[in-house]
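I would like the atomic coordinates for the input below:
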Amino acid sequence: MAVEQGIREQIAADLARAEASATAIDRPTDAHPGLDVVDAYEIQLINIRKRLDAGAKVAGHKVGLASEAMQKMMGVDEPDYGHLLDDMQYFEHTPIDAKKLCFPRVEVEVGFILGEDLPGEGCTNEDVIDAVAWVVPSIELIDSRIKDWKITLCDTIADNASSCGWILGQQRVPISEIDTGDIEATLTRNGEIVAKGNSSAVLGHPLNAVSWLARKVEGFGVRLRKGDVILPGTATRAIDISSGDHFVADFAGLGRVTLDFN
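A predicted model of the protein is given here:
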């Protein structure tokens, strides 16, 4: 334990208040330079458990830092992950109040819905293919409760991997009918193209991110279960939002998903 449990609980409480009040805080690693990755995941879990105790349910998980460029920027050699809770789900045609968020950004992701539980240790891409029920167009809404997105790896992990919400489009495509490793994606904001990418940017193939996630979370007593939504990482760069923005993410062969802000 690099920091004592009391410090973990204090950081978790600070992050929870920051999210509730949409008032960002200084990064925890400045005050606690000994904070390590295990501490950070435990801090994340403190807040997740409190939300579950209050009635939320785990709806799935997200993978962050899934591109080589993001890993280089953060000085790490593997992704991170966060929890998706049912009370974090947003819906198309229901505008989000941007004022309730700190520094929100939009990410375009090829999402997966599991039809079966995934194994933990030793999980392979073949296991993922067998377990996925549907491929779905999705957007992850990310937000940092830490000032100006000036974060280290441990800061973002503690902050639930900077996750804020998730939106699924209406389309559902069987994984056998689409090459999930080569899906072109385009994001428009108010009718203007702001980002383009390909799903191959996600660890070379999104399935690599899902199998990594299944193996990784097992070490923290977590399993990926039937019905879970898995967001494997963004196929494009993250885009800042402003009040009034209308986003449309189009995925070749998969469909689209929209997102609006007040």
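
quick one: neighbours of residue 95, just the number.
Using other C-beta atoms under 10 Å, residue 95 has 15 other residues around it. All C-beta atoms are positioned from the backbone trio N, CA, C, and that covers glycine.

and what of residue 60?
23.

got the phi and psi for it?
phi 160, psi -160 (degrees, to the nearest 10).

surely it is in contact with residue 223?
No - Residue 60 lies out of contact with residue 223 (C-beta atoms under 8 Å); the separation is 11.8 Å.

so which strand or helix has residue 222?
Under the criterion DSSP states H and E, no helix or strand holds residue 222.

name the nearest residue to it, sequence neighbours excluded.
residue 61 (7.8 Å; C-beta to C-beta, 6 or more residues apart in numbering).

was I right to think that neighbour contacts residue 84?
Yes - using C-beta under 8 Å, residue 61 is in contact with residue 84, at 6.0 Å.

show the backbone phi and psi for residue 107.
The phi/psi pair for residue 107 (degrees, to the nearest 10) is phi -130, psi 140.

tell me the contacts of it?
Neighbouring residues of residue 107 by C-beta atoms under 8 Å, 6 or more residues apart in numbering: 139, 140, 141, 142, 234, 236, 238, 239.

which pair in the residues you listed spans the largest distance?
Using C-beta to C-beta, the two most remote members of the contacts of residue 107 are 141 and 236, lying 14.1 Å apart.

what does the helix or strand containing residue 156 contact?
Using DSSP H and E, residue 156 maps to helix 153-158. For helix 153-158, contacts defined as C-beta under 8 Å, 6+ apart pick out 11-12, 15, 27-29, 35-37, 39-41, 43-44, 64-65, 74-76, 80, 82, 144, 146, 162.

cutoff 6 Å now
For helix 153-158, the external contacting residues (C-beta atoms under 6 Å, 6 or more residues apart in numbering) are 27-29, 35, 40-41, 43-44, 74, 76, 80, 146, 162.

quick check: buried residues in stretch 225-242?
Neighbour counts over stretch 225-242 (16 or more other C-beta atoms under 10 Å) mark 228-239, 241 as buried.

contacting residues for the residue minimising distance to the centre of the chain?
With distances taken as C-alpha atoms, centre = their mean, the residue of the chain nearest its centroid is residue 62 (3.5 Å). With contact taken as C-beta under 6 Å, 6+ apart, residue 62 is in contact with 82, 84, 140, 163, 231.

quick one: the strands in the stretch 151-262 of the chain?
163-168, 184-189, 192-198, 229-231, 239-240, 246-251, 255-260 (DSSP state E, counting those that start in this stretch).

export those strands to a markdown table and tack on mean pLDDT and distance to residue 123?
What follows is the strands of the stretch 151-262 of the chain, written out as a markdown table (pLDDT from 0 to 100; distance: least, C-beta to C-beta, whole Å):
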| stretch | mean pLDDT | distance to residue 123 |
| --- | --- | --- |
| strand 163-168 | 96 | 21 |
| strand 184-189 | 98 | 25 |
| strand 192-198 | 96 | 24 |
| strand 229-231 | 98 | 12 |
| strand 239-240 | 94 | 31 |
| strand 246-251 | 98 | 25 |
| strand 255-260 | 98 | 27 |
